[in-house]
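Student: let's see this in three dimensions:
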Amino acid sequence: MMSFLLSWVPEATQKQICGYYDVAKYLNISSNKDLFSYTIPKRNWEESLEVDLDFTLVSILSVQEKLQVVTFYFWLHVSWKNDFISWDPLDFCNITRITLPVKLFWTPDIYIDERADEDKFTLSPMAYVTSDGYIHLLQTYRLTSSCGLDVHAFPFDKQKCNLTMTTICSDKEILLKSSKSSMKANQDSHKSFLSSGEWKFEELRIIEHTLGYDISNFSIVTYEVSMKRQSILYVLVLILPTFTLFLLDMAISYAFACPGEKIAFKVTLILQVSLLSLILNDMLPSASDDPPVIAMFFTGIFVFMVFGILENAFVLYLKQKKPESPPFMRNKFMNIILRKKKKQSEKPVADLEATQKQNCRYHDVAEYLNISSKKDLFLYTIPLNDWEKPIEVQLDFTLVSILSVQEKLQVVTFYFWMYVFWDNEFVSWNPLDFCNITNITLPVNLFWTPDLYIDERADEDKFTQSPFAYVSADGSIQMFQAYRLTSSCSLDVHAFPFDQQKCNISIMSSIHSDKEMIMVSNKSSKKANQDSRKNYLTSGEWKFEELRIIEHIMEYDLINFSAVTYEISMKRRSILYVLVLILPTLTLFLLDMAISIASASPGEKIAFKMTLILQISFLSMILNDMLPATSDNPPVIAAFFTGMFVFLVLGILENAFVLCLREKRPKLPSFKGNKVMNRILSKKKEECESPATHFGDRSPKENQPADGFPLPAKDSEDDSLVFLKHLNMELQQIKKHLSLEERQDDPESVAWDKTMALVEKGLYYTRLILSVIFLAVIIIQWTR
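Tutor: Numbers count the residues shown, from 1 in each chain. Below is the predicted model:
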């Protein structure tokens, strides 16, 4: 019993004195050990460090088709092995893991290529360290990513967006790997997915590959997120109402109403379709390479409805031209037509070779350079031995995306990458002394960095700078920055929407003159164009055309500053504006011209044209919210809308003038008018006596007045309605015959009608010729 107690007490005592502090003390980790947080934690520099990524998609927060960006929320678990940190769990009461502050360790600089905004992520302040030296780090990202959104099939579209993760270090230093397969990543993402909004998460695909840049290869892990739009709301709000209006338009075409009434109904339907198109215009980007099907659907419905109006106007015109026929002939012809119509009812694999020759560490190079955060003087001054010699700063610019263009504010938002190179004469080593180590990554805050200023900047700086710099043995330092820049740009929208724009990004020093710092581009315009086209992400409203590099000197207060200007040429994709603005406006104008030659009364024409002007006003609202108020060189499309509006108003004034002249026509003498009226009434009286037999045999005293007109029986309401309808039709015939008799009997009236017809045609053809000349001038202005 005593021996058992003696053997048990030391073990209990050892367990009680064990703690995480003992492990941390054994590892000798302290915030003063800066060099361990500067360099890649590998004992052999020739071996690449493998960094495992565990990606889980949590939510698709928003998709902005206009800006061609998508906002994701995801978790990223990063793990790697630190060769300098390990312990035997048996020596510390089987403690296999411990949490320590992240700032004590070197961490990989994970960079996302498609990032279109400043970083918004949460980094856990503690890292998870295991006894075998592995460090685990959790990051949560809210990332706004550039994505080439193809809205051709909107709202039944599917999208694929990439999240490409890489580092500033080549694949010989850091090798990125996914810690799980695509199947496992899909399962975890579907399990953790939170939102159930417009977009449905479909699939997550993981691609591991390498990307060559200059003479180096970089390890990359790409996460391809597939998502599908849930389209039921767009069907209910846009497609179904539009299709219903079209069916209603077709139904009105078959209704037994006069063509004038049909035209009035159909003009109202077109107005409703125009209101629905306003919703669509605020949503979709103006991509001309592959225009959305729904835009063509709206345009097609609009055109077919306009054709329906032209059809009724044409029929109305023909009806007024044909000779008057008896009622029974019209009914016979209509029955024939009705009977006839009734019968017609997508892996490259990374290649890694590692050869262990000597046991050298990046730590040895950093220790030799004697770089420490306490060496502040190296941060303060330009790193040159000769102060009279300017330092040369080389810029490598790559345009990634044109995020937005705001014509009203005259600003453009770009997203681009920029590598900055310069020589530090105080940082160099002989590679032969360190196993041929020619490059090393160190924290960028240990070195002096050039103060870069963008002259056209119109908002606060939104850029992401890599925490590490790439240092070469000859003292060359390379730094990476990703910019989301809102830049001032003089946008000339004279040729909108067929315009091309040129915007500058001028990079210079904010304080150093050209005697202290020289800015140069490290590649030609041709190479910069190739790299930008290769990496360009979005396919929105603006198409990237050309990148031109200009090195020059800018003078300010008698001081010269070296600058590099990147001139970006871009072209607007105009097809959506043509489908939504120009084509409907031109169609409404053609409809106005067709109504002008229709054989309707001037009053009816004025009513139709007022509705057309209202629709033009709705379309101009879209344009007004888009274009700046430029007075020196107004947009051609504004002149086009104004001209169409003026011609529509002239059409109304034309009809009002003709109506006024018709009211001034000479009238018949009273005796002649009475003679014609008596003759027509006596003729119609004889025709109206025949329906009396239809109501049965009734005594003249009860059912028939003295003048011979039939009256319905008091107990027959249906017969009364039939009689009243018949009487109404006959009165209309009396009116028409009276008008015909008046015109035939009076030579002055006939001459006046011919004069009015000539005046009306003269005004119409004058307006037609002026409108053709106007449209020709507009087309020349757009194509010039």
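
Student: quick one: distance of the host helix or strand of Phe645 to the chain centre.
Tutor: Using DSSP states H and E, Phe645 sits in helix 636-663. Distance of helix 636-663 from the chain centroid (Cα atoms, centre = their mean, to the nearest Å) equals 36 Å.

Student: and it, what does it pack onto?
Tutor: Counting contacts by 3 or more Cβ pairs under 8 Å, 6 or more residues apart in numbering; DSSP states H and E, helix 636-663 is packed against helix 583-597, helix 602-624, helix 747-783. For the C-beta atoms, the positions are set from N, CA and C on the backbone; glycine is no exception.

Student: nearest to Ser192, out of those helices?
Tutor: Ser192 lies closest, by Cβ to Cβ, to one member of these: helix 602-624, at 41.2 Å.

Student: contacts for the closest one next, please.
Tutor: If you take Cβ atoms under 8 Å, 6 or more residues apart in numbering as the criterion, helix 602-624 is touched by 260, 263-264, 267-268, 270-271, 274-275, 278, 281, 580-581, 584-585, 588, 591-592, 595-596, 598, 600, 637-638, 641, 644-645, 648-649, 651-652, 655-656, 658-659, 662.

Student: now those residues: which count as buried?
Tutor: Listed as buried from the contacts of helix 602-624 are 260, 263-264, 267, 270, 274, 281, 580-581, 584-585, 588, 591-592, 595-596, 598, 600, 637-638, 641, 644-645, 648, 651-652, 655, 658; burial here means 16 or more other Cβ atoms under 10 Å.

Student: list the buried residues of the host helix or strand of Phe297.
Tutor: Using DSSP H and E, Phe297 maps to helix 293-321. Judged by neighbour count using 16+ other Cβ under 10 Å, the buried positions of helix 293-321 are 294-295, 297-299, 301-302, 305-306, 308-313, 315-316.

Student: how is the protein partitioned into domains?
Tutor: As assigned by automatic domain parsing, the chain contains the domains 2-230, 235-339, 362-574, 670-745.

Student: now distance to Ile778 and mean pLDDT too, for those, in a markdown table please.
Tutor: Listed next are these as a markdown table, based on distance: least, Cβ to Cβ, whole Å; pLDDT from 0 to 100:
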| stretch | distance to Ile778 | mean pLDDT |
| --- | --- | --- |
| domain 2-230 | 27 | 84 |
| domain 235-339 | 20 | 73 |
| domain 362-574 | 11 | 88 |
| domain 670-745 | 43 | 55 |
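
Student: what segments of the stretch 401-550 of the chain are strands?
Tutor: Counting by DSSP state E, counting those that start in this stretch, residue ranges of the strands within the stretch 401-550 of the chain are 411-423, 439-443, 452-454, 463-465, 468-472, 476-488, 500-509, 517-521, 542-556.

Student: I'd like those laid out as JSON lines, including distance to Asn535.
Tutor: JSON lines is the format used below for the strands of the stretch 401-550 of the chain (distance: least, Cβ to Cβ, whole Å):
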{"stretch": "strand 411-423", "distance to Asn535": "8"}
{"stretch": "strand 439-443", "distance to Asn535": "22"}
{"stretch": "strand 452-454", "distance to Asn535": "20"}
{"stretch": "strand 463-465", "distance to Asn535": "16"}
{"stretch": "strand 468-472", "distance to Asn535": "19"}
{"stretch": "strand 476-488", "distance to Asn535": "12"}
{"stretch": "strand 500-509", "distance to Asn535": "16"}
{"stretch": "strand 517-521", "distance to Asn535": "17"}
{"stretch": "strand 542-556", "distance to Asn535": "11"}
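
Student: out of those strands, nearest to Phe774?
Tutor: Per Cβ to Cβ, nearest to Phe774 of the strands of the stretch 401-550 of the chain: strand 500-509, 24.5 Å.

Student: which strands or helices does that closest one pack on?
Tutor: strand 391-406, strand 411-423, strand 452-454, strand 476-488, strand 517-521, strand 542-556, strand 559-572.

Student: just send those back as CSV, with distance to Asn186 and mean neighbour count too.
Tutor: Formatted as CSV, the helices and strands packed on strand 500-509 follow (distance: least, Cβ to Cβ, whole Å; neighbours: other Cβ atoms under 10 Å):
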stretch, distance to Asn186, mean neighbour count
strand 391-406, 28, 21
strand 411-423, 29, 21
strand 452-454, 41, 18
strand 476-488, 29, 20
strand 517-521, 44, 19
strand 542-556, 34, 15
strand 559-572, 38, 19
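
Student: and the domains of the chain: which comes nearest Ala751?
Tutor: Taking the domains of the chain one by one with Cβ to Cβ, domain 670-745 is closest: 10.2 Å.
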